[in-house]
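**Q** Sequence plus predicted model, see below.
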Amino acid sequence: MKKLEQQVATHDADIRPATENEINAAEQALRMHFSEEYKTYLSEFGLVASGATEIYGLGVPATSHLNILSAIEPLREGKDYPQQAVPLYDIGDGYYSLYDNRQCKILTWSMITGVVEISDETLEAFLLRVIFDIK
């Protein structure tokens, strides 16, 4: 996640690195195992906010809209929410970018229709594209 780290510093983006205890507690609360890639994101960044773009994560109170623990609950009520996925980004109009910890894939998911797309992008590539428009 070196490229993301460089862009966060260059753009002075807000991050909130999560502690190992926060990460472990979130895994237990959500009843899932985070991939190493996702754990790295959480421990190095926690979440990322730059301008109007906000990426969900940890490192903020559980009541924060950007905390995956509070953000995931209403999403799990949507159509066929993937069990091992966590929210990354609110695309709008009921569509979300999710990270599937089992497949290590980025999913585009709709509250109404379920998964509509599975991307081969890495988590870092997705974050660079969405936050900083770097392809």
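**A** Done, it's in. Numbering: from 1, shown residues only.
**Q** Quick one, grab the pLDDT at the most centrally placed residue in the chain.
**A** In the chain, the residue lying closest to the centroid (C-alpha atoms, centre = their mean) is Leu88, at 2.7 Å. pLDDT for Leu88: 98.
**Q** Could you give the separation of stretch 120-135 from the chain centroid?
**A** 12 Å (C-alpha atoms, centre = their mean, to the nearest Å).
**Q** correct me, but Ile131 touches Gln7?
**A** Yes - here Ile131 reaches Gln7: they are 7.3 Å apart, a contact under C-beta atoms under 8 Å. For glycine as for every other residue, the C-beta is placed from the backbone atoms N, C-alpha and C.
**Q** Which of these two has more residues huddled nearby?
**A** Neighbours of Ile131 and Gln7, each counted by other C-beta atoms under 10 Å, are more numerous for Ile131; the result is 21 against 18.
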